[in-house]
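# let me see the structure of the following:
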Amino acid sequence: VETTAAKWHYQISDRKSQVMVTSVTTRSFAYVPDVPFTFNSAPVSVVDFIKYLGVEITATGSWREVVQRLRRSARARFGMLAAGGVNMYGYHVPTGVRVYNTMVRPIVEYGADVWTPDATRSRDLETLHNWAARTITGLNSWTAVEAVHADIGFYRAETRREELKLRRFYRLHAMPNDWLVKKVYVIRRQDWLSGRRRPLGHPWLYETEAVAERVGLRGALTDPDTALERVTKAEWHEMVKDAVQRHAAATWRDGAAEKSSLHLLRRVKEAPEFEHYLKEGSREQRRTMLRLRAGVLPVPATLQRRDHELTALATPPPCPACSRVVRADELHMLVDCPAVDSQRDIMWQAITSAIHKHERVDASALLLSSTAARLGLLLLAGPLPGIDGKPVPHSQARNIVRVVLKYVHILWRAFETAVQVAAPSKLQRPDPPST
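The predicted structure is shown next:
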């Protein structure tokens, strides 16, 4: 280094110079050289990691330092934003989502196409992501994470890192052959094709291969000369985005299928997607719909689900509002609880009137359809049927969305009042069956 600097007449500061000795083991070690390293006759310290372009490159190939630093920075940033109004009591949910996506997520994703966190750090990043989603939506800590992500269009934090890695693969393959990075890529790709793993760190191509295998794009890694030459960079990015989100949606459905509390959410959602109703109505009306779809509206069945003694009973306790021996869940409140029949009739009259006033919505297909379709209307599921056969998105039927939000909230308040004024005997557990 000294010879090259002297030849080309430039100076390197010895005070800013450091030496990092890499190791073939992933365990940290304290290297003490027999002869101290010097530069310009001045001693140079030996360090465990060096920061390059904002990413800590360690002697053992671990990414722990960079992940921990980015997580701390993102958590501090979002904590400041949450205190400033990015929460259920401050900005609207759409504003909170935009603020998070523009001011917090880029911190966590900096260099994510290069580094790969270990299992512990990956869980920490998911915890941060879920904490932000719960803060924005106001959903409590016992809400299933699938429900927290569903209506604001969030996937797992890992999904974005997988997409970035596959996008980076295209850039590596398209680099000029005389670039140093491309030469390293070619060498490591030969290692990968021959099945040889080098002992230092986490091989990037092996991680990318695992991602491509999961999302169904492994063929592009096996023969990129054939696969990537046929598509442009923009087409590859779109292909990667579709494949990653398709896999993430399937993972989301698998997780939602395992949770009984999400029985209503499974009726209306196939994958996380931002819902237009979060832009309409009052804050309380939106919160009621969000909790209703997420399965955490405090109806008797939800409260009983946390009581293990009640859960173990073969026969559910009677509904406190109507005394019928049925499961007093959200479906019972919306469809058939006699205690709120009058309010339910008023709700349907208002919804019917709003639908008939809309020029494009097919009222007959919507109101004379099955019970499941009518329930989907109350839960604001998907677009509305159109007269011309084309679906009408909620953004083009805002008055209908507002009416549904308003009267579902009123129905919930009526049901809540009926439960609260119920006699104490109706709130007691039923006697166990005699043997």
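# for the rest of this, base every contact and every neighbour count on C-alpha atoms.
Will do.
# what about residue 176, which SS state?
Here residue 176 is coil, with the state taken from DSSP: H, G, I helix; E, B strand; the rest coil.
# residues near it, how many?
Neighbourhood size, residue 176 [other CA atoms under 10 Å]: 11.
# tell me the pLDDT at it?
Looking at residue 176, its pLDDT stands at 90.
# nearest residue to it in space, please, no chain neighbours.
Leaving aside its sequence neighbours, residue 176 sits nearest to residue 182 (CA to CA, 6 or more residues apart in numbering; 6.9 Å).
# so the one you found makes contact with residue 172?
Yes. Counting by CA atoms under 8 Å, residue 182 does reach residue 172; the two are 6.3 Å apart.
# where in the chain is pLDDT low?
For the chain, applying pLDDT under 70 flags the ranges 23-34, 195-202, 306-314, 423-435.
# can you give me the strands in it?
Applying DSSP state E to the chain gives strands spanning 18-20, 38-39, 42-43, 45-47, 49-52, 55-58.
# just checking, what packs against the fifth one?
Just to be clear, that refers to strand 49-52. Strand 49-52 is packed against strand 55-58, with contacts defined by 3 or more CA pairs under 8 Å, 6 or more residues apart in numbering; DSSP states H and E.
# ok, the first one next?
The criterion is 3+ CA pairs under 8 Å, 6+ apart, and the helices and strands that strand 18-20 contacts are strand 45-47.
# give me the distance between the most centrally placed residue in the chain and residue 147.
The chain has residue 155 as the residue nearest its centroid, 2.7 Å off, counting by CA atoms, centre = their mean. Remark: distance between residue 155 and residue 147 (CA to CA, to the nearest Å) = 11 Å.
# go on, residue 294?
Distance of residue 294 to residue 147, computed by CA to CA: 5 Å.
# okay, and the common contacts of the two?
262, 265 (CA atoms under 8 Å, 6 or more residues apart in numbering).
# so which of the strands of the chain gets nearest residue 176?
Residue 176 sits nearest to strand 49-52 of all these, at 22.4 Å, using CA to CA.
# for that closest one, buried residues please.
Neighbour-count burial for strand 49-52, counted by 16 or more other CA atoms under 10 Å, picks out residue 49.
# direction included, what does it pair up with?
Sheet partners assigned to strand 49-52 using DSSP bridges are listed as strand 55-58 (antiparallel).
# identify each buried residue in the partner strand, please.
For strand 55-58, by 16+ other CA under 10 Å, it's 55-58.
# now do that strand: distance to the chain's middle.
In terms of CA atoms, centre = their mean, to the nearest Å, the centre of strand 55-58 is set 27 Å apart from its chain centre.
# kindly format the C-alpha coordinates of that strand as PDB.
Taking Å, rounded to 0.1, in the frame of the first residue of the first chain, the C-alpha atoms of strand 55-58 are listed here in PDB:
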ATOM      1  CA  VAL A  55     -22.300  -1.800   6.400                       C
ATOM      2  CA  GLU A  56     -20.100  -3.400   9.000                       C
ATOM      3  CA  ILE A  57     -18.000  -6.200   7.400                       C
ATOM      4  CA  THR A  58     -16.700  -8.400  10.200                       C
END
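# what's in contact with it?
Strand 55-58 has contacts (CA under 8 Å, 6+ apart) with 22, 48-51, 63, 65-66, 111.
# please redo it, this time with the cut-off set to 10 Å
Residues from elsewhere that reach strand 55-58, judged by CA atoms under 10 Å, 6 or more residues apart in numbering: 20-23, 26, 28, 47-51, 62-67, 69-70, 110-112, 114-115, 201.
# any quick ChimeraX command for the buried ones out of these?
The following ChimeraX line selects those of the contacts of strand 55-58 that are buried, judged by 16+ other CA under 10 Å:
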select :21,22,23,26,48,49,62,63,64,65,66,67,70,110,111,112,115,201
